[in-house]
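Trainee: sequence first, predicted model second:
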Amino acid sequence: MFKKLLIIFLVLISIITGVSAYSVYQGDDIIMPVVGAKRTSYDQNSFGAPRVGHLHKGVDIFAKKGTPIRSATNGLVIFTGVLSLGGNVVLVVSPGLRFYYYAHLDSIKTNKLKWVGQSDIIGTVGKTGNARFTPSHLHFSISRIYFPFNRRFVDPVPVLNSLFD
Ligand SMILES: [Zn+2]
């Protein structure tokens, strides 16, 4: 009995380690979430830019209000709703175990606990939350589950740039 449990435990640990190694080194194949966005739709220095009280942990992709937003990856929608800073937000966790956070949406077009395919429409670009006084944009961030908080966020800019190479 004990031996069996030990084997199950070891198998689980190897799966978790394997998946986390995959998510760290591979990441996910992503697509540009904002329909029609170009390399000039976002600032190359968007990630890590100073904001009131913190550093900016994502990229702002500017587009006209109402522009469709596609899911950058396959994944499970784990949160949809309204946050004070993010406004209307959608949070997707991918099979590579990364969180994809979409904020300031004008409208949300998906539901919590829904499986979305890559490029499925999940919302539209807006200026909700603390983006009320800035031009409409998608705040897009990628974070890794297995990292300590300060190293959890990935710079999405090179990832998006690679889509235009
Ligand atoms: Zn932002």
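Mentor: In hand now; what should we look at? Numbering: from 1, shown residues only.

Trainee: so the residue of the chain found nearest the ion is in which element?
Mentor: Nearest residue of the chain to the ion (Cβ to the ion) works out as His139 at 3.4 Å. Where C-beta positions appear, they are placed from N, C-alpha and C, glycine not excepted. Assigned by DSSP states H and E, His139 belongs to strand 137-144.

Trainee: how about His137, what does it touch?
Mentor: Asp60, Ile61, Phe62, Ala63, His104, Val125, Lys127, Ala131 (Cβ atoms under 8 Å, 6 or more residues apart in numbering).

Trainee: export those residues to a markdown table and tack on secondary structure, neighbour count and pLDDT?
Mentor: Shown next, in a markdown table, are these (DSSP: H, G, I helix; E, B strand; the rest coil; neighbours: other Cβ atoms under 10 Å; pLDDT from 0 to 100):
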| residue | secondary structure | neighbour count | pLDDT |
| --- | --- | --- | --- |
| Asp60 | strand | 20 | 97 |
| Ile61 | strand | 24 | 98 |
| Phe62 | strand | 17 | 98 |
| Ala63 | coil | 22 | 98 |
| His104 | strand | 25 | 98 |
| Val125 | coil | 26 | 98 |
| Lys127 | coil | 17 | 97 |
| Ala131 | helix | 21 | 93 |
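
Trainee: can I get these in a markdown table including distance to the ion?
Mentor: Below are those laid out as a markdown table (distance: Cβ to the ion, whole Å):
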| residue | distance to the ion |
| --- | --- |
| Asp60 | 4 |
| Ile61 | 9 |
| Phe62 | 10 |
| Ala63 | 13 |
| His104 | 8 |
| Val125 | 12 |
| Lys127 | 11 |
| Ala131 | 7 |
